[in-house]
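Engineer: Predicted model, plus sequence, below.
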Amino acid sequence: MTRPLSAPLDVGFDYTRSTGPTLGRFLSDLRRRKVTGIRGSDGRVHVPPLEYDPVTAERLSEFVDVAATGVVRGWSWIPEPLEGQPLDRPFAWALIQLDGSDTSLLHAVDAGTPDQMATGTRVRVRWRDERVGAITDIECFELSDGPAADPVEADDVTMVTTPVNLHYTHSASPTEDPFLRGLMDGRLIAQRCPACSKVYFPPRPACPTDGVPTTEQIELSDRGTITTFCVVNVPFLGQRIPPPYVSAYVLLDGADIPFLHLLLGVAPEDVRMGMRVEAVWKPREEWGPTMRNIDHFKPSGEPDASFDSYSQHL
Amino acid sequence: MRDVAVVGFAQTPCVRETDGTTNGVEMLVPIFHEVLGSLGLTKSDIGFWCSGSSDYLAGRAFSFVSAVDAIGAFPPIMESHVEMDAAWALYEAWVKLLCGEIDTALVYGFGKSSAGHLRRVMAMQLDPYVVTPLWPDSIGLAGIQARVGIEAGFWDERAMASVAARSRAAALSNPLAQLSGNVSVDELLASDYVADPLRRHDCAPITDGAATIVLAAGDRARELCERPAWITGFEHRVDSPSFGARDLLTSPSTVAAGKAAGADGVEVAELHAPFSHQEILLRQALGLGDITVNPSGGVLAGNPMFAAGLARIGEAARRVHDGSASKVLGHATSGPLLQQNLVCVMEGRE
């Protein structure tokens, strides 16, 4: 058997978070080329600052200025940096104890080669030119026993934005695969559950009623019945057509599960449960492995289906 | 208090990449059939279902809802989910059984790590303000911990390679393992670093897989299983997420969970140690001495994310089921650098 269809799936999202008073102070100070810690219940200075003590859970509030220079307490070497990491050339991840701090901060050290790195090595912050109030305002650390750059003035920040970009290979299931390949040829391929005989369109990896994989393929026509519908009046990002329009559940003839699609060619006030519809396909040259090959459904002109014919499929 | 036991366990083969979807259905259907079939149960006999998985691993929202298709959830079932290793789902099910409202529970975990880039996906579990924006990869972070231990004299690269070699040799008896074989420590030490001081053998492989356990209470457990693995201690503890403030050479959460669960006197332990040096650290934290650890090969031989911790408990329970041990320990970990740890102690009774 050939492998099921798969495709790249890139998931990207900017997480926007409020900073609160503790991390807000830390991140605002990074913008000023300053590093700020906080004193814990046991007197230890934590960098980055913690909102609550890790042992006593007491709320912490005594900020302490620490230096932008410090000592490597542990490290690993990354010969091939990954997307998003501070440096795009080989570097060390290091836990760095800044002068005046009792805990260690994780960051990258631009050491060039691993033989330049050692626990106990002195490092200092290399500040980014454009600072926004984020941990990445520290571009990285560099090997040096000299002082770091002087602080500057900058406004406080109260929000931090973290872009997240993850990359996947999304695979269709063995039952979705013939469905998707069928669509490329303008065919509608469903699957029947061997236990309950229900016909699923689109197919699912297993019958959700019986928990067994569906095995029998069935080809359906592109006509069906509206089981229920809604009139979309609200505009939203990415909307393909101006509201109002009708989103309808279409039960293809021979299928047991309706699916959501677009209904055009009829005024929203004239749409009814039981209305008979047919698919309007896009031009063949635009077909791919997607239900978007069907541009929309339109009324077929047949008499309405009786309620009994779809009452078990709502 | 009711007695609750692990009565059934099944897992998929651990493989580098499967063709299936990220919602796990293709991996789960066969192991549900296997575990229910082996106990003579059907889905309607299960009082509660609980799963562990991650949408970040799947790259899609609510992947665990799609996974429920594998159960055949009609008529409606009682079901829950944790966005953690399924060992924590087992804990939830155990508590529900103790409460007395059900007599059986089926717990499952699944993960298709091959779909994404696991080293980057794992950055999503870190502090979102001051750590994740740097995209620290899981291997780079573990490398720091390994070096701290080497420089403190807690272990060395040879001791780490010995853990890997022993795991792969043990996995020769585990047909579901991904990595197995007789390899010499010198051979392993001759390979390049992935993230100095870690070599490939020090890191659990990228694995697609799933696992499931059936729990039962009291007489129901005795009916279903000749030698149930009675849970005599089940505890989990958590350390600070601020790993720069932690002593990375111990695991207070493991020590505390092990003490509370009664780890003394166990004969076999399955430890969830995704990096070779972490097995050495965990063995110490649990006071296991020289007893057999990871006879299955452990996660260095196959590491299905969100199922591997549950599988450790299942593998340990199996030693009670087959009569080869009378007191065993299964361990699971979660979070960066052994931040959160769970210990399940099980005993056979004559």
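Structural biologist: Perfect, thanks for sending it.
Engineer: residues in contact with the residue in the stretch 151-300 of chain A that chain B sits nearest to?
Structural biologist: Residue nearest to chain B within the stretch 151-300 of chain A: A:G211 (2.6 Å; CB to the nearest CB). Yep, even glycine has a C-beta here, placed from its N, CA and C like the rest. By CB atoms under 8 Å, 6 or more residues apart in numbering or on different chains, the residues touching A:G211 are B:V29, B:F32, B:K43, B:D69, B:A70, B:I71, B:G72, B:A73.
Engineer: burial count for A:R39?
Structural biologist: With neighbours defined by other CB atoms under 10 Å in any protein chain shown, the count for A:R39 comes to 17.
Engineer: Verify the contact between it and A:V64 for me.
Structural biologist: Yes - the criterion here is CB atoms under 8 Å, and A:R39 meets it with A:V64 at 5.6 Å.
Engineer: For A:C230, I want the exact helix or strand it lies within.
Structural biologist: Per DSSP states H and E, A:C230 falls inside strand A:223-232.
Engineer: okay, now A:K298: neighbour count?
Structural biologist: With other CB under 10 Å as criterion, A:K298 counts 15.
Engineer: What are the buried residues along the strand or helix carrying A:G37?
Structural biologist: Element membership of A:G37, judged by DSSP H and E, is strand A:35-39. By neighbour count on 16 or more other CB atoms under 10 Å in any protein chain shown, the buried set for strand A:35-39 is A:V35, A:T36, A:G37, A:I38, A:R39.
Engineer: and of those residues, the nearest to A:V164?
Structural biologist: Lowest distance from A:V164 to the buried residues of strand A:35-39 (CB to CB) belongs to A:V35, with 25.2 Å.
Engineer: picking up where we left off before, shared neighbours of A:R39 and A:V64, which are they?
Structural biologist: By CB under 8 Å, 6+ apart, the residues touching both A:R39 and A:V64 are A:V45.
Engineer: follow-up on the earlier one: quick check: the residue of the stretch 151-300 of chain A closest to chain B is in a strand.
Structural biologist: No - applying DSSP: H, G, I helix; E, B strand; the rest coil, one finds A:G211 to be coil, outside a strand.
Engineer: Can you get me a residue count around the closest residue in space to it that isn't next to it in sequence?
Structural biologist: In space, A:G211 comes closest to B:G72 once its chain neighbours are excluded; the distance is 2.6 Å by CB to CB, 6 or more residues apart in numbering or on different chains. Residues near B:G72, counting by other CB under 10 Å, number 22.
Engineer: Work out the gap between stretch A:84-95 and the centre of the chain.
Structural biologist: 24 Å (CA atoms, centre = their mean, to the nearest Å).
Engineer: Please, where are all the strands along the stretch 1-150 of chain A?
Structural biologist: A:6-18, A:35-39, A:45-46, A:63-66, A:69-78, A:91-98, A:105-109, A:122-127, A:138-143 (DSSP state E, counting those that start in this stretch).
Engineer: how about the strands of the stretch 251-350 of chain B, start to end?
Structural biologist: Counting by DSSP E, counting those that start in this stretch, the strands of the stretch 251-350 of chain B are B:268-270, B:292-293, B:327-334, B:340-347.
Engineer: got a pLDDT number for residue 178?
Structural biologist: All of this refers to chain A. As predicted, A:P178 sits at a pLDDT of 94.
Engineer: wait, chain B
Structural biologist: 98.
Engineer: where's it, which helix or strand?
Structural biologist: Using DSSP H and E, no helix or strand contains B:Q178.
Engineer: count of neighbours near it?
Structural biologist: 23.
Engineer: ok, it - contacts?
Structural biologist: B:P13, B:C14, B:V15, B:R16, B:P205, B:T207, B:A301, B:G302, B:N303.
Engineer: Give me the phi and psi angles of the closest residue to the first one other than its chain neighbours.
Structural biologist: Among residues not flanking B:P13 along the chain, B:L176 sits closest, at 4.7 Å (CB to CB, 6+ apart). When read as degrees, to the nearest 10, the backbone of B:L176 gives phi -90, psi 0.
Engineer: re the thing from before, to chain B, which of the strands of the stretch 1-150 of chain A lies closest?
Structural biologist: Of these, nearest to chain B by CB to the nearest CB is strand A:69-78, at 2.7 Å.
Engineer: I'd like to know which elements the helix or strand encompassing A:S247 is packed against.
Structural biologist: In this assignment (DSSP H and E), A:S247 forms part of strand A:245-252. Contacts defined by 3 or more CB pairs under 8 Å, 6 or more residues apart in numbering or on different chains; DSSP states H and E place strand A:245-252 against strand A:223-232, strand A:259-263.
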